[in-house]
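[1] Okay, sequence plus prediction incoming.
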Amino acid sequence: MPKRVIDISAYWPKDESGKPYTVNRVWTDETLNPRKIGRYTLQKALAGELGGGEIDTIDALIATCSEWSGRTLKYEDILADAP
């Protein structure tokens with residue numbers, strides 16, 4: 001079975017011109033990060049390299065990506081096979 005990782009790149013917020021926000025912008029903006037997910041976690045999950053984590057952290061990532069995408073996501077929606 002291939003190694004699985006958390007990948008939230010498909011849900012990452014973008015500015016008005018379509019350019020993705022920086023990790024620091026998302027990390028420090030309370031409207032983009034109301035659950036106060038850590039910078040390292042955001043960086044690794046954006047890169048598709050988050051290999052594990054606390055259940056509460058994964059739940060926070062799913063809830064945050066659900067808000068960003070405007071739809072209710074599930075655990076499977078942020079899983080990917082590691083390259």
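    Here it is on my side, so go on.
[2] what comes up buried for the biggest helix by length in the chain?
    Longest helix in the chain, counting residues (DSSP state H): helix 55-69. Going by neighbour count (16 or more other Cβ atoms under 10 Å), the buried part of helix 55-69 is 57, 58, 60, 61, 62, 64, 65, 66, 67, 68. Every C-beta, even on glycine, is put in place using the N, C-alpha and C of the backbone.
[3] who's in contact with the second one?
    Counting by Cβ atoms under 8 Å, 6 or more residues apart in numbering, residue 58 touches 6, 75, 78.
[4] Likewise for the third one?
    Contacts for residue 60 were tallied using Cβ under 8 Å, 6+ apart; they are 35, 37.
[5] how much space between it and residue 31?
    15 Å (Cβ to Cβ, to the nearest Å).
[6] ends of stretch 73-83, how far apart?
    For stretch 73-83, the first-to-last residue distance is 23 Å (Cα to Cα, to the nearest Å).
[7] Next, the buried residues of that stretch.
    Buried residues in stretch 73-83, counting neighbours by 16+ other Cβ under 10 Å, are found at 73, 77, 78, 80.
[8] from these, which single one is nearest residue 51?
    For those, the minimum distance to residue 51 (Cβ to Cβ) is 11.0 Å, reached by residue 80.
[9] you'd agree the closest one is up against residue 2?
    No. Applying Cβ atoms under 8 Å, one finds residue 80 not in contact with residue 2, separated by 9.6 Å.
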